[in-house]
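Asks: generate a structure from the sequence data that follows.
(chains A and B)
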Number of protein chains: 2
Amino acid sequence: MTQLADLNTPTALVDIVRMQRNIALMQSRMNSLKVAFRPHVKTTKCLPIAKAQIEAGAHGITVSTLKEAEQFFAAGIADILYAVGMAAPKLRQAAALIQKGCALKIIADSVESASTIARFSSENNIKFEVWIEIDTDGHRSGVQPESDSLIEIGRILASAGALQGVMTHAGGSYALSTPEALQAMAEQERSHCVRAAQRLRDAGLPCPVVSVGSTPTALNAAQLEGVTEVRAGVYVFFDLVMKNVGVCGEEDIALSVLTAVIGHQAEKGWAIVDAGWMAMSRDRGTSSQSQDFGYGQVCDVSGKPMAGYLIDSANQEHGIIARTGSMDTAISKTLPVGTLLRIFPNHACATAAQFPEYQAVLGDEVIETWPRFYGW
Amino acid sequence: MTQLADLNTPTALVDIVRMQRNIALMQSRMNSLKVAFRPHVKTTKCLPIAKAQIEAGAHGITVSTLKEAEQFFAAGIADILYAVGMAAPKLRQAAALIQKGCALKIIADSVESASTIARFSSENNIKFEVWIEIDTDGHRSGVQPESDSLIEIGRILASAGALQGVMTHAGGSYALSTPEALQAMAEQERSHCVRAAQRLRDAGLPCPVVSVGSTPTALNAAQLEGVTEVRAGVYVFFDLVMKNVGVCGEEDIALSVLTAVIGHQAEKGWAIVDAGWMAMSRDRGTSSQSQDFGYGQVCDVSGKPMAGYLIDSANQEHGIIARTGSMDTAISKTLPVGTLLRIFPNHACATAAQFPEYQAVLGDEVIETWPRFYGW
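Replies: I've put the predicted structure just below:
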C-alpha cells in the first residue's frame, strides 16, 4: 500500500472519510427539505467523486464547462445542467451532446441569447431544454425576477419548445458570515426564484423546474417551498473560505496539499516548502474575511492544524511558512528539511484545479488515484 | 486555416511575432553583455517555445519541477537546471534523470540539504552537479554571501565532487518600477553572487558557474562582470505586471486569452465573458502596483487594448468586464453577446498554467497548437 511518504510533493490529497461525511450531510439536508439535489462538479471534476454523490442520492449534475459535460456524459451520467451562459459557437457543441442522448440543460438570461438559441434550434432542428437564469442577489448574471424581459425571454424560449424552468445562484452568500444573514440570503434566493417561476406561469408559460443553490445557502435554508432542486459544489471538500463563512470547521476540510520542507530562512522564522502558488493557486479568498489564512493553513502530516502556521507568501514553486503573531525562531527545528506537511486551501475549487489527479487517502494510506478533468 | 472565430473559448493565444521579438531582444542583450543565457521554461512549459529560445542562442534551460526536466529531457534538451531546493525523495528522481544522461544541475542552500545530497551521492554512487543558492535580495531562499555556512556548504559539496557554482534570483525586482532601481537591483544581484563565488574560490573551492537573473534585472543590468550565465522566464510572453515594472509595453505582450461575451447587466455597465478566474488565474499581481488591471486588460479580437475596459471581477467561469472611471451604459451595444475579445493577463506564468495548450497565432490565423506540461 502506498504511504504518504512515498508520494511526490506537492500533491493533492482527498480525505475519503471527510468527503463521504460531507456528501452524506448535504444529501440528508436536501432529503429533509424534500428537494432534489444536483451537485456542481466543477469543484472536483472527478468521476469517482461525482459517482459517490449520485450513489448518495443526487439527481444529475451541474457543470461549468462543456468539456465537463462531455467527459461525464461519456462516463454514463446523462442528466447535466451547464450553468454558464452560452456563446453561439457553444450551441453546436451542446447540440452534439444532445444528439448523442445527453439530457443537457442550458441557460439563458437575455432576449439576445434566448433568440440565438431559438434560431439555432429551428435552423438545426434540435430541441434544447433551457432554464432562465434569475438574478437573486446582484452578484453576477441573470434577469431580474420582476423585469419585463423575463416574460419576453420566456415567450421566445416557449415558442421554440425550449422553456423548462428557472435557476439562480446566490454567490453573494460567500461574503456573509452569520447564520442569520445566511438564512436570510437563502430565503431571498428561494423567494425571488420562485417569484420568477410564478410570473412565467401567470403568463401562461411552462416552468416545471425551480433550481437554486450555493453551498452556504443550501446549508442554511429554513425551508424551500416552491423549489424543485438545489445545487451546491464546494461542500464536498469544504475549505478555509467556507470555514470563515461559518458552514464548516477545519475538521471537515477534505482537500489538502501534501508538501515537503525544502529549506529555511531561520533568522526570519521562515520554512520554505515545495507548495507555492502553482500548487495552492493564487486564490486569496480569506484575505477579505474575518481570518486571513495567507495561502493556506499548515497542518502536520496527519492533517492536524498547527495553530498560527500559515503559508504566508508564495512564489511559483516555493511556499514560505511563517508563524503569525510571534516568529518561530526555532522553525528549522520545528520543521526540519524533509518534513511532510498538509496544507488546507483557501478555496478548494481553485486549488484542486492546479492538480491532474487526487490521491484518495484513508489516514496516511493512499487507497486510489483519481484523475480530474482539465481545460475547456 | 483555423480562424480565431473557429476556436472554443476561453483559449490561450500566443502571438508568434511578439514572442519571437521578445526572444530575440533578450538573447541580443545577453550576447552584448557576453554571458550565456539559460531561459526559465516554467513560464511556458512548452517544447516548441523552448526550442525557439535555443535556436535563438540559449544554452540549456531552467525548470521549476522535475516533471519539466523529465519532459524536456525526453524531447532532447539535456542541459537543465532544476532551480528549486531538493526534498530527499526528489533526489531519487533527479538521480534517475542523471543516469539516463541528463546534464541535470540541482541547488542547495543549507548544510542540511548539502549533507543530504552528499550522503545520497555516496550511498548510491551517483555524481550530482550542485550550485549553491545565494540570497541577494532577501525575498525567498538562499544562503547569505558573507555567511560562514556558505563555505561549510561548499566544503560538504566539494568533498562529494558536486560543487559546480553559485546561483541567485533577485525576485525582489518584481516590486520595483524605475530604471534606476532596477539597475541598482541588477548590480546588487550580480555583485553579491560574484562575491559568494569569490569567497568559495578564496577558500580553495571550485566555483566555475555564476548564474543570476530575473526578467527585470536581466533587462536592466549595466554590466555582468564575473557572471557566467543569466536566467529569465516571463520575458518570452511579458504581461501586465512586467508592464508596470517598466520592462515592456502592452504591445509586447504575447500571451492573451480569447473569450466570448455571454451576457450583460446593462444597468451596471457590465459585460459577462466566459473567461473567469479558471482561465485568467487568481493572480492579482497588478493590485499592488501603479496601475491595477483587475483580472486583465480587455482588447478587441485583433489584440488592440480597449482603454479603461478591464475584467473587473471573476467567478470560476465568468469574468465581469466593466469600464473604469465612467460606466459604459451602452455596454450591451459596445460588446454584444458573441463578441470575441482578447484579454492580457496580469501574470503570464499563472495564466498560461490554466491551459492544456496554446494556439499559436499570426494575426487572426491559428498556425499551430502547442501543448504544455502540467502537474508535478
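
Asks: how close does A:T116 sit to A:A350?
Replies: 31 Å (C-beta to C-beta, to the nearest Å). Every C-beta, even on glycine, is put in place using the N, C-alpha and C of the backbone.

Asks: who's more crowded, these two?
Replies: A:A350 (23 against 19; other C-beta atoms under 10 Å in any protein chain shown).

Asks: pull the distance from whatever helix or strand that one lives in to the chain's centre.
Replies: Using DSSP states H and E, A:A350 maps to helix A:348-352. Here the centre of helix A:348-352 is set off from its chain's centre by 8 Å, with C-alpha atoms, centre = their mean, to the nearest Å.

Asks: quick check: mean pLDDT of the following helix or strand past it?
Replies: As assigned by DSSP H and E, the chain's next helix or strand after helix A:348-352 is strand A:357-362. Across strand A:357-362, pLDDT averages out at 98.

Asks: again, but for stretch A:276-295
Replies: Mean predicted confidence for stretch A:276-295 is 98.

Asks: near chain B at all, it?
Replies: Yes - counting by C-beta under 8 Å from any C-beta of the partner chain, chain B is contacted by stretch A:276-295 at A:W277, A:M278, A:A279, A:S281, A:R282, A:D283, A:R284.

Asks: and A:T228, its phi and psi?
Replies: Main-chain dihedrals, A:T228, degrees, to the nearest 10: phi -100, psi -30.

Asks: and the stretch 51-200 of chain A, which residues reach chain B?
Replies: A:64-66, A:84-90, A:93, A:109-110, A:112-113, A:116, A:135, A:140-141, A:171.

Asks: the same query, at a cut-off of 6 Å, please.
Replies: Neighbours of chain B within the stretch 51-200 of chain A, by C-beta under 6 Å from any C-beta of the partner chain: A:S64, A:V84, A:G85, A:A87, A:A88, A:D109, A:S110, A:E112, A:S113, A:R140, A:S141.

Asks: pLDDT wise, what is the fifth one at?
Replies: In this case it means A:A88. On the pLDDT scale, A:A88 gets 84.

Asks: can you count the residues close to it?
Replies: 16.

Asks: setting the sequence-adjacent residues aside, check what's closest to it.
Replies: B:G338 (5.1 Å; C-beta to C-beta, 6 or more residues apart in numbering or on different chains).

Asks: helix/strand/coil for that neighbour?
Replies: coil (DSSP: H, G, I helix; E, B strand; the rest coil).

Asks: and the lengthiest helix in chain A, what other elements does it pack with?
Replies: In chain A, with assignment by DSSP state H, the single longest helix is helix A:179-202. In terms of contacts (3 or more C-beta pairs under 6 Å, 6 or more residues apart in numbering or on different chains; DSSP states H and E), helix A:179-202 is packed against strand A:163-167, strand A:209-212, helix A:215-218.

Asks: out of those, deepest packed?
Replies: helix A:215-218 (a mean of 29; mean count of other C-beta atoms under 10 Å in any protein chain shown).

Asks: what's in contact with that helix?
Replies: With contacts defined as C-beta atoms under 6 Å, 6 or more residues apart in numbering or on different chains, helix A:215-218 is touched by A:A170, A:S173, A:L182, A:M185, A:A186, A:E189, A:V230, A:A232, A:V234, A:Y235, A:V245, A:V247.

Asks: swap the cut-off to 8 Å and go again
Replies: A:26, A:29-30, A:170, A:173-174, A:176, A:182, A:185-186, A:189, A:230-235, A:242, A:245, A:247 (C-beta atoms under 8 Å, 6 or more residues apart in numbering or on different chains).

Asks: now do stretch A:293-311
Replies: So stretch A:293-311 is contacted by A:4, A:15, A:240, A:250, A:256-258, A:273, A:275, A:277, A:280, A:284, A:286, A:312-314, A:319-325, A:328, A:339-346, A:351, A:363-364 (C-beta under 8 Å, 6+ apart).

Asks: now with 6 Å?
Replies: For stretch A:293-311, using C-beta under 6 Å, 6+ apart, the contacting residues are A:240, A:250, A:280, A:286, A:312, A:314, A:319, A:321, A:323-325, A:340-346.

Asks: would you map out the domains in chain A?
Replies: A:3-9+A:248-371, A:17-236 (automatic domain parsing).

Asks: make a markdown table from these and add distance to B:L205 to it.
Replies: Output for the domains of chain A, formatted as a markdown table (distance: least, C-beta to C-beta, whole Å):
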| stretch | distance to B:L205 |
| --- | --- |
| domain A:3-9+A:248-371 | 21 |
| domain A:17-236 | 50 |
